[in-house]
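K.L.:
the following comprises the amino acid sequence and a computationally predicted model.
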Amino acid sequence: MLGKVVRFLGRVLFAFLFISSGLSKVQGFYEDGTKLVSMLQPRITQAVGHAWTALHLDGQVDRPTITPAVTAAVLYCLVGLELVGGTSFIIFPRVGSALLAALLVSNTLINYNYYNYESLLKNVALLGTCVMMLGQRPGLHAPVHKVKSM
């Protein structure tokens with residue numbers, strides 16, 4: 001019983017990091033959305049440029065133009081992943097960890113600053129926690145019922 005309470009409390013504390021961050025982004029978007037969009041737009045353009053170069057698509061396919069509307073849509077998706085993933089991590093740990101892993105990978109690719117190595121390490125550590133939860137079998141301490149062969 002105590003183990004279940006401790007695991008639930010740990011999930012709540014881990015999810016709180018993402019839920020509080022998502023809510024602060026919602027508040028910041030409500031107060032001054034153009035500031036967030038203008039701050040995120042060059043980073044998305046840079047991430048698309050890196051992806052186009054890595055996939056060798058430069059001469060074959062035109063790069064998409066990242067407009068403020070596209071940037072706002074990406075911001076909504078990231079905040080939605082943060083809030084839904086954090087909330088579902090509390091109740092459905094495996095689903096929530098998959099959503100949070102998608103958030104962390106996309107967020108790291110878009111927002112990774114090559115001069116801020118600590119933020120990369122933080123995201124890698126959080127991603128490791130999500131992968132660990134994905135690999136954990138459901139009901140870790142539940143009794144296993146073996147089928148008797150006849």
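P.N.:
Thanks, I have it.

K.L.:
when you work out contacts or count neighbours from here on, use the C-alpha atoms and nothing else.
P.N.:
Will do.

K.L.:
so what's the residue nearest to the spatial centre of the chain up against?
P.N.:
The structure's the chain has its C-alpha centroid closest to residue 103; by CA atoms, centre = their mean the separation is 1.8 Å. Applying CA atoms under 8 Å, 6 or more residues apart in numbering to residue 103 gives the contacts 78, 81, 82.

K.L.:
check it and give its pLDDT.
P.N.:
Confidence at residue 103, expressed as pLDDT, is 94.

K.L.:
measure it to residue 83 for me?
P.N.:
10 Å (CA to CA, to the nearest Å).

K.L.:
go on, residue 61?
P.N.:
Using CA to CA, residue 61 is found at 34 Å from residue 83.

K.L.:
in the protein, where is pLDDT below threshold?
P.N.:
113-115, 138-150 (pLDDT under 70).

K.L.:
mind listing the strands for it?
P.N.:
With strands called from DSSP state E, the chain shows none.

K.L.:
which residue packs closest to residue 65, ignoring adjacent ones?
P.N.:
Once flanking residues are discounted, residue 65 sits nearest to residue 45: 7.9 Å by CA to CA, 6 or more residues apart in numbering.

K.L.:
just give the number of residues close to that neighbour.
P.N.:
Burial of residue 45 is recorded as 18 neighbouring residues (other CA atoms under 10 Å).

K.L.:
same deal with residue 109?
P.N.:
Using other CA under 10 Å, residue 109 has 18 neighbouring residues.
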